[in-house]
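Asker: A structural model of the following input is requested.
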Amino acid sequence: QVQLVESGGGLVQAGGSLRLSCAVSRRTFSTYAMGWFRQAPGKEREFVAAISWSGITTDYADSVKGRFTISRENAKNTGYLQMNSLKPEDTAIYYCAADRGPLRVGVRGPSEYDYWGQGTQVTVSS
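Answerer: Below you'll find the predicted structure:
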């Protein structure tokens with residue numbers, strides 16, 4: 001069983017930054033694509049960003065492009081989401097996910113992912 005644990009969430013003012021981390025329990029993480037999703041109250045879970053196993057290919061939702069950066073350190077079994085210029089509408093629970101298959105840019109449904117973390121709350125105040 002693969003376990004994912006997010007950390008780094010919190011309360012920040014609009015315009016501020018946060019860095020989320022996703023620690024993965026299995027070394028085969030280096031062969032998985034990884035994604036970040038978020039879910040605000042009363043809304044569906046939505047795609048934020050994804051990265052290929054090598055880190056070479058990335059994919060971003062239009063709403064975060066230019067503000068968020070996804071990255072990974074396979075040697076540490078850890079993925080990251082750097083979030084800058086945060087807005088109140090970024091407030092949500094953020095989840096990391098791992099996909100045993102290759103990253104397919106533009107394919108962004110939660111059902112594509114095999115393993116999920118429990119989520120970390122991000123709150124952006126205005």
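
Asker: who are the contact partners of the most centrally placed residue in the chain?
Answerer: Among the residues of the chain, the one closest to the centroid is W36, at 2.2 Å (C-alpha atoms, centre = their mean). W36 makes contacts with 20, 22, 48-50, 70, 79, 81, 94-97, as judged by C-beta atoms under 8 Å, 6 or more residues apart in numbering. C-beta coordinates here come from the backbone N, C-alpha and C atoms, glycine included.

Asker: can you check P88 too?
Answerer: 14, 124-126.

Asker: make it 6 Å
Answerer: Shown here is P88, whose contacts under the criterion C-beta atoms under 6 Å, 6 or more residues apart in numbering are 14, 124, 126.

Asker: can you check Y95 too?
Answerer: Y95 neighbours (C-beta under 6 Å, 6+ apart): 37, 116-117, 119.

Asker: strand partners of the helix or strand hosting it, parallel vs antiparallel please.
Answerer: In this assignment (DSSP states H and E), Y95 forms part of strand 92-99. Counting by DSSP bridges, the strands paired with strand 92-99 are strand 33-39 (antiparallel), strand 115-116 (antiparallel), strand 120-125 (antiparallel).
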